[in-house]
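Participant: Give me a model of this one.
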Amino acid sequence: MNDHIEMRLSPQQVRVVNHIDEALLVIAGPGSGKTRVLTERIRKLITNVPGHFRILALTFTNKAADEMRERLSDLGNDRQRAFIGTLHSFCMEVLAERGKLVGVEGMPNIFEQFKDRKEVLLKAISDDPLLEDEINQEVDNKAKGRRVDSWLQMISRIKAHPISYSVIDDDLDRRVLEAYDAGLRACNAYDFDDLLLLVYRLLTGNPLLADFYRRLYKFICIDEAQDLNEAQYAVICALCGDAFKNVMMVGDPKQSIYGFNTSSPEFMFRFQKEFDAEMIELSENFRSSKAVVNVARLLDANYLVSAQLPIEGELEILAGDNESDEAKLITSKLQQLFKEGHPDVEGNIEPSKCAILGRTRFSLLAIEKELRESNIPFYKRLTANHENESEAVDDFQLALRVMANPRDQVHFTAIAKKWKVPEPPMTSNALETLEALASLAHSNLEVSARANAILKAITIITKGKTRLDLMPAFIELKLYADNLEENDRRAIYEDVAVFEQEWDQYLRSDGTLRTISSFMSSKALGGTQKANRAGLALLTIHSSKGLEFDVVFVAGMAEGSFPDYRATGSRELAEESRNAFVAVTRSRRLLYLTYPKSKIMPWGDSRRQMPSRYIKMIENTS
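Facilitator: Below is the predicted model:
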């Protein structure tokens, strides 16, 4: 490791970077430089440890992976010796290369959307007289819908716990799961949970293959370890076997906020015990001002900071008369900061240095409206499966899915429904199948032009091209939009702009295959999302994880909204408290906590709001 890098690291960080063999658990608080020590350790292993080997660096988000790749870009070709990506993307690669042993042919097609998985289960129920009889015992359609949703949750729970649920005792649960999985396989498709489950089965059922990966990857590094669930931990253990110990986990139990997704910090401590891991704590905070650290300490009495920045920062509590007034207070404070700056923030304060965080997206609706009216540029995190605003781009995306997977009956049926035509039989030639569907749509003036435009867009990218290029299809979609009314045209142009951005990001990614199947898989895994966006960040707390900003507003901090009224047990309230901890520690310098004194409830009544217990905690100690 370069001397100048070592000089810029704290003694605790140097211990982590210099660690080579055997297991290591790093407890890394907010702002303690965990991404930095991870990347510097990878750099040192690649440049200082002799031998032909690769490093497996598993991150929780694509953004974290992008950041680590960027920091290691100066290594040139040696950077390719590290696989840096999410555990799901690693599992996707393993299945694409070795999946035949568990029945996966080629690149797995992922059904990532809830509505698609529900369609698969509904079809499975209708094909099974026993399940159909079971669902028909419900009194009405709403009750039937709730039963189907509960079955889907049960399926995810079983797949997320491959060890706890290795044997399914309940006959009905087992039948539902088997029918659902058979429905997925009939469409040549898998869900997110399958990626982990199948790799776990692949590695435990084929010891020689697991041994191959252990020889390929001499070191494994795992980021955000507090967010592991049983399936993820099981894959890691299957990968390591009984003797492999060169594993480093980095995480912070105080920032575990994905309990709803069955994750738990318990797996960090299981790792420490089962791998006999050395533990190093990074307790400095090199990110946040004193004001921010003081609030974080109030939220978690166990949060100890051994060193921090000598910068005061700012904490202010803003109470609006209602949600609209709360939004106005926030935009007014932002405009003041844009105009005047702040002595504790270096340079001008611009929208890109700021974030507004809410416990749920509903707490941000009035603020989004006010930002638009105030002409403050902002972005919302687009999830991998965000919904399109326009029918045409939605149809195009469905058609791409069918092109990627000619057996995809779910999305083919969805197009037929949208074009209001009966389904012709699917064939192995996806383009011919779509052509047959579009020809049926010609009799319906309402959808004929749209169907024709989609078919032209698909045809132009699949015929006579040596390399896949989606840009001509985007041009075709915009040409179709030019003949529509302004609102419809704008919706298509906006959706196409997002698609173009995703296509561009896909082309920049490492080792791109450049096939429709590869692009759609990357899109499903969130790999096509742009890491950095222009404007202010308007995010839920869960999607702000791992990010940092000079100025942070935490909005909607009223009792019942944050903490959420549904959090009644000690476990749920502890997670709400960790949510608050994560939210405030996203701030580097200035922190504003806001809430409305009254709120319009979903049924129309106005209800008085009390400040959150977190705000009261702060007010009682100031």
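Participant: Stretch 528-547: how far from the chain's middle?
Facilitator: 10 Å (CA atoms, centre = their mean, to the nearest Å).
Participant: Would you mark the buried spots in that stretch?
Facilitator: Buried residues in stretch 528-547, counted by 16 or more other CB atoms under 10 Å: 528-530, 533, 536-547. Placement of C-beta: from N, CA and C, glycine included.
Participant: Looking at those, which two lie furthest apart in space?
Facilitator: Largest separation among the buried residues of stretch 528-547 by CB to CB: 528 and 541, giving 23.7 Å.
Participant: before we move on, what SS does residue 25 have?
Facilitator: strand (DSSP: H, G, I helix; E, B strand; the rest coil).
Participant: Quick one: residues in contact with the helix or strand where residue 507 lies.
Facilitator: Here residue 507 is covered by helix 486-508, with elements defined by DSSP states H and E. Contacts to helix 486-508, defined as CB atoms under 8 Å, 6 or more residues apart in numbering, come from residues 382, 386, 388-390, 392-394, 396-397, 470-471, 474, 477-478, 480-482, 484, 512, 514, 519, 522-523, 527-530.
Participant: try it again with 6 Å
Facilitator: The contact list for helix 486-508 (CB atoms under 6 Å, 6 or more residues apart in numbering) reads 388-390, 392-393, 470, 474, 477-478, 481, 519, 522, 528, 530.
Participant: go on, stretch 597-610?
Facilitator: Contacts for stretch 597-610 (CB under 6 Å, 6+ apart): 319, 321-323, 558-559, 596.
Participant: follow-up on the earlier one: save the contacts of helix 486-508 as TSV, and put in distance to residue 446 too.
Facilitator: Shown next, in TSV, are these (distance: CB to CB, whole Å):
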residue	distance to residue 446
388	19
389	19
390	15
392	13
393	17
470	27
474	24
477	18
478	21
481	17
519	30
522	34
528	32
530	35
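Participant: Determine which two of these are furthest apart.
Facilitator: 481 and 522 (25.5 Å).
Participant: More neighbours: those two, which one.
Facilitator: residue 522 (24 against 21; other CB atoms under 10 Å).
Participant: List the residues that contact the more buried one.
Facilitator: 506, 528.
Participant: if I look at it, how far off is residue 279?
Facilitator: Noted for residue 522: a distance of 36 Å to residue 279, by CB to CB, to the nearest Å.
Participant: same check, this time on residue 229
Facilitator: In terms of CB to CB, residue 229 sits 22 Å off from residue 279.
Participant: who's more crowded, the two?
Facilitator: More crowded of residue 229 and residue 279, by other CB under 10 Å: residue 229, with 18 against 13.
Participant: quick one: low-confidence parts of the stretch 301-450 of the chain?
Facilitator: 304, 306-307, 381-387 (pLDDT under 70).
Participant: Check the offset of the helix or strand encompassing residue 434 from the chain's centre.
Facilitator: Take DSSP H and E as the rule and residue 434 turns out to sit in helix 430-441. How far helix 430-441 lies from its chain's middle: 34 Å, per CA atoms, centre = their mean.
Participant: And the next helix or strand past the helix holding residue 507?
Facilitator: Helix 486-508 is succeeded, C-terminally, by helix 516-524 (DSSP H and E).
Participant: can you pull the buried residues of that next one?
Facilitator: 516-524.
Participant: And the helix or strand following that helix, what does it pack against?
Facilitator: Sequence order places strand 536-540 as the next helix or strand after helix 516-524, per DSSP H and E. Contacts defined by 3 or more CB pairs under 6 Å, 6 or more residues apart in numbering; DSSP states H and E place strand 536-540 against strand 354-358.
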